[in-house]
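A.B. asks: can you look at this prediction? I've put the sequence above it.
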Amino acid sequence: MTYQELVSKIVQLQDEGLELFNAGKSVLGKNILATHVGSYDGTQILIQAGIHAREYITSLLLVEMARNLHNNDLIQEGGIYFVFLANPDGAEIVLDGLDSIPCEITKNYLISANGGSTDFSQYKANVNLVDLNTNFDADWGNGSQNVFCPSTEDFVGFYPNSEREVLSLINFTLQTKPSLTISYHTKGNVIYYGFEGEGDQNIARDQSIGESLSEITGYPLIFTENSTGGYKDWCIDSLKIPAYTIEVGDNSIPHPLGIETLPEIYQRNKDVPIVALQKAIEYAQEIDFTTPDVINITKEVKNASNEKGYIARLQSRLNWRSAHRSGDSKRR
């Protein structure tokens, strides 16, 4: 599959009556495409995919979900936003290599970070070599596998919310105000919920909803540990809403998962959007979307962009990791 073929799968939804719109822009100016099914009135949920470059199979999963839920009588009230490909620059690098990169300096930078190889099939980051799902301002930099230098995976960025794709997803989420979010990743056939520091009442709520998702997919439900800076983490920490990471695909299958895996993945996940929306409606009295203090976020970014301040912050993170690092849980 090429990047253009992937985008065409998304764009073709317009031929079936779905309206596409932009949830934001990538570093290289690509549109981050989204759609909506159901009613714009009432409870809304948001499902996003493709934030890791090599995990583009999850974008195709959302295409199938949106197609089959369009004008579906199962949606009695509320609606669902789908953000198909949160990292389009990274997906293009995985699918097409570096031919699309117009700058030789950028190409050489990427090849150097990739160990001198032009094979980018395992690439996870955006074009800035930032792992977008570690860049959100949710205990940023304290994940067990975070790295602090540009890399094909796990680099948290030079400060939280630094990347255009991350800010696009944050802004879109603040605009749409979902009561629940789901992030699709590969792989492992597992559902992660919760965030360290979340209140007991919200954890119980999130676990109860997660158990319903576990029941329909057959994926075990696991509380998140040693993982920070993800979109799910930010939704829980900043917005106080239930949020889940669903890892699809068996661990025995190498990255990137091919399109031949899609039918089985879709069958296990096809009911997730409806059940998630139903649960968000059921728990509406216990979900209070909280708008974060954007002023403090802006101040944090300005402070982090100061070189001396950043170096001190980085050294503090490294010292913390040296003293506290435990386990080898994979960064989600």
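C.D. replies: Perfect, I can see it now.
A.B. asks: where do the strands sit along the stretch 201-332 of the chain?
C.D. replies: Per DSSP state E, counting those that start in this stretch, the stretch 201-332 of the chain carries strands over the ranges 221-223, 243-248.
A.B. asks: make a markdown table out of those strands and add mean neighbour count.
C.D. replies: (Each C-beta comes from the backbone N, C-alpha and C, glycine too.) A markdown table is the format used below for the strands of the stretch 201-332 of the chain (neighbours: other CB atoms under 10 Å):
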| stretch | mean neighbour count |
| --- | --- |
| strand 221-223 | 17 |
| strand 243-248 | 26 |
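A.B. asks: these: which one's closest to His185?
C.D. replies: His185 lies closest to strand 243-248 among these, at 5.0 Å (CB to CB).
A.B. asks: the closest one pairs with which strands, parallel or anti?
C.D. replies: The pairing partners recorded for strand 243-248 under DSSP bridges are strand 180-186 (parallel), strand 190-193 (antiparallel).
A.B. asks: got the CA positions of the first one in CSV?
C.D. replies: Output of strand 180-186 as CSV, limited to C-alpha atoms (Å, rounded to 0.1, in the frame of the first residue of the first chain):
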residue,chain,number,x,y,z
LEU,A,180,-15.1,9.6,26.1
THR,A,181,-12.2,8.9,23.8
ILE,A,182,-10.6,5.8,22.3
SER,A,183,-7.1,5.6,20.7
TYR,A,184,-6.3,2.7,18.4
HIS,A,185,-2.8,1.3,18.3
THR,A,186,-1.0,-1.9,17.4
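A.B. asks: rounded mean pLDDT for it, please.
C.D. replies: Strand 180-186 comes out with an average pLDDT of 98.
A.B. asks: run the chain-centre distance for it.
C.D. replies: The chain centre lies 6 Å from the centre of strand 180-186; the measure is CA atoms, centre = their mean, to the nearest Å.
A.B. asks: now stretch 5-19
C.D. replies: That offset, for stretch 5-19, works out to 21 Å (CA atoms, centre = their mean).
A.B. asks: give me the buried positions along that stretch.
C.D. replies: Neighbour counts over stretch 5-19 (16 or more other CB atoms under 10 Å) mark 6-7, 9-10, 13, 18 as buried.
A.B. asks: which stretches of the stretch 151-300 of the chain have low pLDDT?
C.D. replies: Along the stretch 151-300 of the chain, segments meeting pLDDT under 70 span 294-300.
A.B. asks: apply 50 and report the result again.
C.D. replies: 295-300 (pLDDT under 50).
A.B. asks: so where do the helices sit in it?
C.D. replies: Remark: helices assigned in the stretch 151-300 of the chain by DSSP state H, counting those that start in this stretch are 164-176, 200-217, 231-234, 262-269, 272-282, 294-304.
A.B. asks: which of those sits most buried?
C.D. replies: helix 231-234 (a mean of 28; mean count of other CB atoms under 10 Å).
A.B. asks: ok now that helix, how far from the chain's centre?
C.D. replies: Distance, centroid of helix 231-234 to centroid of chain: 8 Å (CA atoms, centre = their mean).
A.B. asks: packing partners of it?
C.D. replies: strand 180-186, strand 243-248 (3 or more CB pairs under 8 Å, 6 or more residues apart in numbering; DSSP states H and E).
A.B. asks: would you list these in JSON lines and tack on distance to Asn71?
C.D. replies: What follows is those, written out as JSON lines (distance: least, CB to CB, whole Å):
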{"stretch": "strand 180-186", "distance to Asn71": "21"}
{"stretch": "strand 243-248", "distance to Asn71": "25"}
